[in-house]
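>>> Any chance you could fold what I've pasted below:
(one chain, ligands or ions: 1)
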Amino acid sequence: MIITKGSQHGSFKISVFLRFTLILSICLSFASLSSAKNNAVRKYGQLRINGNHIVGKDGKPVVLRGMSLHWSQWAGQFYNTGLVKWLGDDWNCTIVRASMAIEAGGYLTNPEREKQKVKKVVQAAIDNGMYVIIDWHDHNANKHIPQAQTFFEEMAKTYGKYPNIIYEIWNEPLDTHDWDTVIKPYHGAVISKIRAHDANNIIVCGTQSWSQDVDKASRSPLKFDNIAYSLHFYAASHNQSLRDKAAAALDNGVALMVTEWGTSEATGDGKLDSEQTKEWLKFMDKNELSWCNWSIMDKQETSAALKPGADPNGGWSVEKISDSGMLVRQELRKYHSPDVIYVPTPPEVVDKMLEMAQVTKDDLVYDLGCGDGRIVVTAAKKYGCRGIGYDIDPKRIEESLENVKKNSVEDLVTIEQKDIFTLDLSDANVITLYLLPSLNVKLVPQLEKLKPGSRIVSHDFDMRGVKPDQVVKITPESSYREHTIYLWTIPLKKEPVDDYLR
Ligand code: CA
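Okay, the predicted model is just below:
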C-alpha cells in the first residue's frame with residue numbers, strides 16, 4: 001500500500017493398501033490437496049525462476065495465491081499461528097506475506113519486537129505447508145542498507161533450508177528512486193548477503209514507483225538467479241496502462257510476482273473497484289502470476305479484509321469479513337488442486353510408527369493407503385509379522401508388489417487393491433494411517449470394531465474427537481520438516497470437539 005502518494009474417486013484420491021495380519025496399518029500415502037488443509041510446499045517443493053515463471057520441483061509453473069498481512073507495527077496482533085493456519089485451511093491460501101514495517105515505529109526503532117512477529121508467521125507457514133514472504137516493508141530502504149543486510153542475513157541463515165521462504169527485500173521504492181542508480185545497487189547489496197546462506201530461495205525485488213515500473217527493471221535486470229520483480233497495483237487507481245507495463249516486462253523475459261494488490265484505491269481506501277479487480281485477476285491468471293492481497297486487517301478501510309473487531313486468530317464467520325475480504329476469499333476458494341500427491345513416509349518415521357505400536361511377530365498390520373508398501377514390508381522384515389497393504393491406486397499396488405518381492409516377504413505380506421472405507425478391519429491388531437484428519441474421522445466406525453488392545457498409528461494427522469494415547473514429534477535426517485506421529489489404542493477415547501473449528 002502506498003502511504004505517500006496516490007473419496008477416493010473424487011477430489012481425494014486415497015492410496016489404500018490393506019493387508020491381513022496383525023497390524024492394521026492404515027497408512028495414508030496420499031495427502032489430498034483439495035480445499036482446506038492444502039499443503040502447497042509438499043506439492044510444489046523448492047521453487048525457482050525459469051524464464052518469466054515461477055516453477056516447482058517438477059519444473060511446471062506454480063501460481064501461489066494468498067493474503068498479505070498489514071504493517072507489522074500497527075497490526076502485530078495478526079502475526080500469530082492461528083491466523084496463518086486459518087488462512088490456509090479456510091481461505092485456501094498457499095502463501096502469506098509478513099509485512100515487517102521498517103519506518104514509522106517499525107524495525108528501525110523496535111528491531112527485536114518486529115522480527116519476532118515475522119518469525120512467528122514464518123514458523124506457522126512452515127508448520128502448515130505454506131509459502132511465506134518475508135517483506136521488508138519500506139519506502140526508503142536505500143537509507144537502511146546495513147539494517148536490511150543484517151536482518152536478511154539472519155533470516156537466510158535461519159530459514160534458508162526451508163523451501164517455504166520467499167524474500168521481498170524492498171517493498172515499494174518511490175518514483176524518485178532511480179532503478180539503475182539507487183534501487184538496483186540496493187538489491188545487489190542485500191541479495192549477496194542472502195545468497196551467502198541460501199543459494200536458491202526466490203528473492204523478489206521492488207521496482208521504481210511503488211513497484212510499478214517493472215518494465216524498466218526488465219530492461220536492466222539483476223544478474224542473480226531466482227529473482228522475481230514486484231508488481232503492485234490497486235484496482236481503483238491502476239488499470240490497463242499498468243497491465244501493459246507488466247506485459248512488456250514479461251515479454252522481456254523476467255518473472256513478476258504481485259506481492260501486494262488491493263481492490264481499492266492506491267491509498268488502501270476509497271472506492272472498491274470490482275470491475276477492474278476482475279480485469280486484474282484475469283490478467284494474473286492468464287500470465288500465471290502469483291499474488292498476495294492487501295491486507296489482513298480489521299480497520300475501517302476499503303482494502304482491509306476484515307471488519308473491526310474480527311478475531312486476530314482467525315475463525316471468522318462471514319459477518320466478520322469486509323466486502324473486499326469476501327471478494328478475495330471467494331477468489332481464493334475457487335482454486336482447488338485436483339491432483340493428489342503421493343508422499344512416501346520417511347524410513348525413520350516408519351520405524352518410529354512401528355515402535356510406537358509395539359509390533360510383535362504375532363501381530364497383523366494393515367496399512368491403509370500403503371503407497372509403495374514400505375510400512376508392511378518393514379514390519380515383516382523387522383518383526384516377522386504379517387501385513388496387508390491396501391491401496392486404491394493400481395500404480396501403487398504395482399509398486400508395493402515389487403517392493404514385497406524385492407524384500408522376499410511374500411510369505412508375510414499381501415497387497416490388495418481395495419477401498420479402505422469398506423474394509424472389515426476386525427482381524428488386524430495394528431493399523432497404520434497417513435490420511436487427512438477428515439478421512440481419519442471417517443474411519444472411526446470401522447476402527448471401533450477392532451479388538452480391544454489393537455493399536456492405530458497415524459503419520460502427521462490426528463483424528464478429531466478421539467484423544468491419542470501418545471503424540472511423538474520427530475525430524476528425520478531424510479526430511480526437512482518435523483513429523484508428528486499419533487497413537488491410539490482400542491477402545492478409542494472420544495472427546496468433545498468444537499464443530500465450528502472443523
Ligand atoms: Ca534454500
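>>> tell me the contacts of Glu319?
Lys307 (CB atoms under 8 Å, 6 or more residues apart in numbering). In this view, the C-beta of every residue, glycine as well, is placed from N, C-alpha and C.
>>> Look up how far Lys334 lies from it.
According to CB to CB, to the nearest Å, Glu319 and Lys334 sit 22 Å apart.
>>> Contacts for stretch 56-65, please.
Against stretch 56-65 from outside (CB under 8 Å, 6+ apart): 40, 43-47, 50, 53-55, 92-95, 131, 285, 288-292, 331-332, 335.
>>> Residue nearest the middle of the protein, spatially speaking?
Met130 (1.7 Å; CA atoms, centre = their mean).
>>> My guess is that one contacts Asn164. True?
Yes: checked against CB atoms under 8 Å, the pair Met130 and Asn164 is within contact range at 6.7 Å.
>>> Flag the shaky bits of this protein, pLDDT-wise.
1-38, 336-343, 479-480, 497-502 (pLDDT under 70).
>>> Show me which residues of it sit near the ion.
Within the chain, the positions near the ion by CB under 5 Å from the ion are Gly160, Asp198, Asn200, Asn201.
>>> what are the bridge partners for Tyr167, then?
Tyr167 has these beta-bridge partners by DSSP bridges: Ile134, Ile203.
>>> Near it, how many other residues are there?
The local packing count at Tyr167 equals 22, with neighbours defined by other CB atoms under 10 Å.
>>> Spit out the contact partners of it.
For Tyr167, the contact set (CB under 8 Å, 6+ apart) comprises Ile133, Ile134, Phe152, Met155, Ala156, Ile194, Asn201, Ile202, Ile203, Val204.
>>> quick one: which of those residues is nearest to the ion?
Set against the ion, the nearest of these by CB to the ion is Asn201 (4.3 Å).
>>> Spatially nearest residue to the closest one, not counting backbone neighbours?
Closest residue to Asn201 apart from its sequence neighbours, by CB to CB, 6 or more residues apart in numbering: Ile165 at 4.9 Å.
>>> Tell me which residues touch the one you found, please.
Contacts of Ile165 (CB under 8 Å, 6+ apart): Val122, Tyr131, Val132, Ile134, Met155, Tyr159, Asp198, Asn201.
>>> Mind checking which of those residues land in strands?
Judged by DSSP state E, the contacts of Ile165 include Tyr131, Val132, Ile134 as members of strands.
>>> With adjacent residues omitted, what lies nearest to Gly129?
Using CB to CB, 6+ apart, the closest residue to Gly129 is Asn39 (3.3 Å).
>>> residue at max distance from the center of this protein?
Asp411 (41.2 Å).
>>> Check the secondary structure at that one for me.
Following DSSP: H, G, I helix; E, B strand; the rest coil, we place Asp411 in the coil state.
>>> Return the distance of it relative to Lys381.
According to CB to CB, Asp411 stands 12 Å off from Lys381.
>>> can you check Cys205 too?
For Cys205, the distance to Lys381 - CB to CB - is 52 Å.
>>> Look at the two and report which has more neighbours.
Shown here are Cys205 and Lys381; by other CB under 10 Å, Cys205 has more neighbours (29 against 14).
>>> Now the more buried one: phi and psi?
Backbone geometry at Cys205, expressed as degrees, to the nearest 10, gives phi -110, psi 130.
>>> Contact partners for it?
Cys205 touches Glu168, Ile169, Trp170, Ile183, His187, Ile191, Ala217, Leu222, Ile227, Ala228, Tyr229, Ser230, counting by CB under 8 Å, 6+ apart.
>>> Mind checking which of the residues you listed land in helices?
Under the assignment DSSP state H, the contacts of Cys205 contribute His187, Ile191, Ala217 to helices.
>>> Show me which of those residues is closest to Ser264.
The closest of these to Ser264 turns out to be Ala217 (CB to CB; 24.9 Å).
>>> quick one on the thing from earlier: what about the residues of the chain next to the ion, which one has the most neighbours?
Counting by other CB under 10 Å, top hit in these: Asn201 with 24 neighbours.
>>> ok, that one - contacts?
Gln46, Leu47, Ala156, Gly160, Tyr162, Pro163, Ile165, Ile166, Tyr167, Ile194, Asn226.
>>> Tell me the one of the residues you listed nearest Gly253?
Distances from Gly253 to the contacts of Asn201, taken by CB to CB, are shortest for Asn226, at 14.3 Å.
>>> what's the neighbour count on that closest one?
Asn226 has 21 nearby residues by other CB under 10 Å.
>>> quick one, what contacts the spatially closest residue to Arg195 that is not a sequence neighbour?
Counting by CB to CB, 6+ apart, the nearest residue to Arg195 once its immediate chain neighbours are dropped is Phe224, at 6.9 Å. Neighbour list for Phe224: Gly188, Ile191, Arg195, Ile203 [criterion: CB under 8 Å, 6+ apart].
>>> Just the buried subset of these, please.
For these, a neighbour count by 16 or more other CB atoms under 10 Å gives the buried set as Ile191, Arg195, Ile203.
>>> quick one: contacts for the last one?
Ile203 is in contact with Ile166, Tyr167, Glu168, Ile169, Ile191, Ile194, Phe224, Asn226, Ile227, Ala228, counting by CB under 8 Å, 6+ apart.
>>> change it to 6 Å
Applying CB atoms under 6 Å, 6 or more residues apart in numbering, we find Ile203 in contact with Tyr167, Ile191, Ile227.
>>> what does the first one give?
Neighbouring residues of Ile191 by CB under 6 Å, 6+ apart: Ile203, Phe224.
>>> And it, how close does it get to Ala266?
28 Å.
>>> Asp273 now?
With CB to CB as the criterion, Asp273 and Ala266 are 11 Å apart.
>>> Kindly report the same for Leu412.
67 Å.
>>> With Ile95 instead?
22 Å.
>>> More neighbours: the two, which one.
Ile95 (26 against 22).
>>> Any chance of the backbone angles for the more buried one?
Per degrees, to the nearest 10, the backbone of Ile95 is at phi -150, psi 150.
>>> bridging residues for it?
Going by DSSP bridges, Ile95 forms beta bridges with Gly66, Tyr131.
>>> swap in Tyr229?
Residues in beta-bridge contact with Tyr229 (DSSP bridges): Cys205, Leu256.
>>> Please dump the ones in helices among the contacts of Cys205 into JSON lines; it should also carry distance to Trp86 for every row.
Formatted as JSON lines, these follow (distance: CB to CB, whole Å):
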{"residue": "His187", "distance to Trp86": "33"}
{"residue": "Ile191", "distance to Trp86": "33"}
{"residue": "Ala217", "distance to Trp86": "35"}
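>>> With respect to the ion, which of those is nearest?
Proximity of the ones in helices among the contacts of Cys205 to the ion (CB to the ion) peaks at Ile191, which lies at 13.5 Å.
>>> ok, residues contacting the lengthiest helix in the chain?
When the chain is parsed with DSSP H, its longest helix is helix 111-127. Residues outside helix 111-127 that contact it (CB under 6 Å, 6+ apart): 72, 76, 79, 81, 84, 96, 98, 100, 106-107, 132, 162, 164.
>>> try stretch 207-214
Contacts for stretch 207-214 (CB under 6 Å, 6+ apart): 2, 172-173, 175, 179, 216-217, 229-232, 242, 245-246, 249, 256.
>>> Equivalent analysis for stretch 144-151, please.
Trp136, Ala141, Ala189, Val190, Lys193.
>>> Try it again at 10 Å.
Stretch 144-151 is touched from outside by 100, 102-103, 107-108, 111, 114-115, 118, 134, 136, 138, 141-142, 169-170, 185-186, 189-190, 192-194, with contacts defined as CB atoms under 10 Å, 6 or more residues apart in numbering.
>>> in the host helix or strand of Leu332, what's buried?
Here Leu332 sits within helix 323-334, counting by DSSP states H and E. For helix 323-334, the neighbour count (16+ other CB under 10 Å) marks Ser324, Gly325, Leu327, Val328, Arg329, Glu331, Leu332 as buried.
>>> Done for today, thanks.
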